[in-house]
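**Q** Here is a sequence with its predicted model. Questions after.
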Amino acid sequence: MSKLQGQTSGLPVPGVSDSVAPPAGLRRRPEPSGRRPNPQYTWFFPRPQDLQNATLQPALLPTDAFDSVLSSLPDPLEYAVANRLPPAKESGARTWLAKAAYERYLDGADPALEDEDSLNDNDFADTEHSIGIAIDPVSGTAGQGEAAGKIYSAHYLRLREAWQLGVCAVAEDREFNHPQHGKDLIKALLNGGQHQIIVGGQQRICSARVADIALPLPHGKADGFHEKDGRFLVKWILLSPAVWPAIEADGTRNLNAHPGGWLPNWIHPQTGEVLLKAGDTARHEQDSRSAWRERVRQQANISAKLVAAIVPKPLVVTGWALPDEAAGEPGGAQSTHLAVPAGAVYYFEATARQDAENLAAALNWHGSESDPTTIKNRRSTLLGEKGFGLGVCGTWTFFESTTP
């Protein structure tokens, strides 16, 4: 897997920029070997939202000690999520979690968290503020139409020395053939060295290079899930944002209505049942499209259901398409989507141990493989090819109140 690494001169803040893409992770460059023996890169990822203090022990846990019928929980959730910590104005948890600490959190064995295991934005970046004149989207000019008399304010993050963004990148073109790099457009662009490229709508300059390394994503839990009253407890945490659109019912295409939004399209909107199939659902080279669809249709669903969730406010995701003269497409602004951000947590109950393991194999980005070389699962309905919908599984326990 190629990894495009770069140090940017201005990184948009999620929720503020006009386009948010899911980075594979944040990377700290190792210190010189004279100061630190056997230096290794340290990768950081967005913190799971059930962590609320400076430990790896979840503070937010589902509770069944309430009447779900009289609650305001949206369908199909059954349990509210309660905080076992005393009320506080601010969370003690930092924004980013190191890969090794993330995997300890998923395993649930060691709640200790060292200072170097977590970060806030100001630990690796400085904030730049910018004020500009709003531009009318119709005329493309300032001070006209809807933009008359309007200005905007935005802020961006500038990475400090020794910090990088890592992006898993593949761009093979059928009609392209480089004498050295074959069909890989990224390797041909950077050509084995370090180059400056322009990234994003803000036209920021990024120093980028390619490195062939193993996938640095945390590994999810594949088995050993907690059990209560015959139910096996699996939670799924997003490593990158996911987009689940609203779907209108269409009898001719055998489509049922689905609200989308925070709720994955592979969850039944009324019952919470998981609609994913157990077993191998990949399309192989020898499979025709019709044969592959029929094979998957015949497979049994995973016997599990969604019972609780922690979903932060959405990210606004937009894009811009270049014109394609061959296809007759003019290009321009693409549809705006509201994405569930990385760190969102979804809680499931499986009816049997095997179903829990099948669910983990379907939700973990690496499937059931212990030493993966490729990404197996992207559980975002839209933009999965761009890295949306990557997640990892852990296990969970119920909240136990000490007061009536």
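**A** Sure, I can see it. Numbers count the residues shown, from 1 in each chain.

**Q** what are the ranges of the strands in the stretch 251-400 of the chain?
**A** Ranges of strands within the stretch 251-400 of the chain are 304-310, 315-317, 320-321, 332-333, 337-339, 345-350, 391-395, based on DSSP state E, counting those that start in this stretch.

**Q** Relative to Ala142, which of the ones you listed is closest?
**A** strand 332-333 (17.5 Å; Cβ to Cβ). C-beta here means a position set from N, CA and C on the backbone, and glycine is covered the same way.

**Q** For the stretch 101-250 of the chain, give me the ranges with low pLDDT.
**A** 192, 201 (pLDDT under 70).

**Q** So which of the strands of the stretch 251-400 of the chain is nearest Gln144?
**A** Closest of the strands of the stretch 251-400 of the chain to Gln144 is strand 332-333, at 17.7 Å (criterion: Cβ to Cβ).

**Q** quick one: strands adjacent to that closest one?
**A** strand 320-321 (antiparallel) (DSSP bridges).

**Q** Can you give the distance of the partner strand from its chain's centre?
**A** Distance, stretch centre to chain centre, for strand 320-321: 22 Å (Cα atoms, centre = their mean, to the nearest Å).

**Q** Are we agreed that Phe44 is in a strand?
**A** Yes. Phe44: assigned to a strand according to DSSP: H, G, I helix; E, B strand; the rest coil.

**Q** any idea how far Val243 is from the residue nearest to Ala282 when sequence neighbours are not counted?
**A** Spatially, and ignoring its direct neighbours in sequence, Ala282 is nearest to Lys376 (7.9 Å; Cβ to Cβ, 6 or more residues apart in numbering). To Val243, Lys376 is 19 Å away according to Cβ to Cβ, to the nearest Å.

**Q** Which residue comes closest to Arg295 once chain neighbours are left out?
**A** Sequence neighbours aside, Asp287 is the residue nearest to Arg295 in space, at 7.3 Å (criterion: Cβ to Cβ, 6+ apart).

**Q** Would you confirm that the one you found contacts Val296?
**A** No. In terms of Cβ atoms under 8 Å, Asp287 does not count as a neighbour of Val296; the distance is 9.9 Å.

**Q** what do these two both touch?
**A** Overlap between the contact sets of Asp287 and Val296, as judged by Cβ atoms under 8 Å, 6 or more residues apart in numbering, is nil.

**Q** List the residue ranges of the stretch 251-400 of the chain that fall below the pLDDT cut-off.
**A** Looking at the stretch 251-400 of the chain by pLDDT under 70, you get an empty list.

**Q** Could I get the full set of helices for it?
**A** 289-298, 353-363 (DSSP state H, counting those that start in this stretch).

**Q** any idea how far Gly391 is from the residue most central in space within the chain?
**A** The residue lying closest to the centre of the chain (Cα atoms, centre = their mean) is Ser240, at 1.2 Å. Ser240 is 8 Å from Gly391, where distance means Cβ to Cβ.

**Q** And for Gly108?
**A** From Gly108 over to Gly391 (counting by Cβ to Cβ), the distance is 17 Å.

**Q** which of the two has more neighbours?
**A** Set Gly108 next to Gly391 and count neighbours by other Cβ atoms under 10 Å: Gly391 wins out with 24 against 17.

**Q** Contacts only, for the more buried one.
**A** Gly220, Trp236, Ile237, Leu238, Leu239, Ser240, Ala242, Leu363, Asn364, Trp365, Asn377, Arg379.

**Q** I'd like to know how many residues surround the residue lying closest to the third one once chain neighbours are set aside.
**A** In other words, Ile237. Leaving aside its chain neighbours, Ile237 sits nearest to Pro48 (4.7 Å; criterion: Cβ to Cβ, 6+ apart). Pro48: 25 surrounding residues under other Cβ under 10 Å.
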